[in-house]
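Novice: how does the following fold in three dimensions:
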Amino acid sequence: MAKKENGFFAEFKKFIMRGNVIDLAVGVIIGGAFQAIVNSLVDDIVMPLIGLILGNVDFTTLCYKFGEGENTAVLNYGNFITAVLNFLIMALVIFTIIRTINKVSDKFRKKEEEPVAEPTTKVCPFCKSEIAIDATKCPHCTSELE
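Specialist: Modelled structure (predicted):
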């Protein structure tokens, strides 16, 4: 029985094995792990410092209740403030990392040298005048050139 090379699974395998799909998957996994680090930075370091400055405020407890009772709707705007701070810190950290990587790669990247332009003139060996490079006779002293 011959193996079907043009089927759904063959096409899916070709799609998955592309470099950019694998890079994207690795980026998502690393991003998830990085998010845990940033959340810890915000929750365990930044927010307590902001709490000290603003008078020991915990943003996660900030909310507005619509009514009384057990099943009342609650607007947790403190969680939103924390999420915005998480995003801003993550964006700042990623920007700093990318900026540093770009600076380091620019430093180590070989600078492309501009191609040296071929000369278009030469000097006559007899009268020392500047003449066209393909001249066989000097227009100034009429000497024969090699």
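Novice: so how far does stretch 123-139 reach from one end to the other?
Specialist: 12 Å (C-alpha to C-alpha, to the nearest Å).
Novice: so for that stretch, mean pLDDT?
Specialist: The pLDDT scores in stretch 123-139 average 89.
Novice: what does it rub up against?
Specialist: P119, T120, T121, K122, H140, C141, S143, E144, L145 (C-beta atoms under 8 Å, 6 or more residues apart in numbering). C-beta here means a position set from N, CA and C on the backbone, and glycine is covered the same way.
Novice: got the buried residues for that stretch?
Specialist: For stretch 123-139, a neighbour-count test (16 or more other C-beta atoms under 10 Å) marks C124, I131, C138 as buried.
Novice: which secondary structure elements does the helix or strand harbouring A36 contact?
Specialist: Using DSSP states H and E, A36 falls within helix 19-41. In terms of contacts (3 or more C-beta pairs under 8 Å, 6 or more residues apart in numbering; DSSP states H and E), helix 19-41 is packed against helix 77-108.
Novice: what about L92, how many neighbours?
Specialist: Neighbour count of L92, defined by other C-beta atoms under 10 Å: 11.
Novice: let me fix that: F59
Specialist: Counted with other C-beta under 10 Å, F59 comes out at 21.
Novice: which one among the buried residues of stretch 123-139 gets closest to F108?
Specialist: Nearest to F108 among the buried residues of stretch 123-139: I131, at 45.0 Å, using C-beta to C-beta.
Novice: quick one, domains of this protein?
Specialist: 8-108, 117-146 (automatic domain parsing).
Novice: for F87, state which of the buried residues of stretch 123-139 is nearest.
Specialist: Looking across these and measuring by C-beta to C-beta, the closest to F87 is I131, at 69.0 Å.
Novice: backbone dihedrals for that closest one, please?
Specialist: phi -130, psi 170 (degrees, to the nearest 10).
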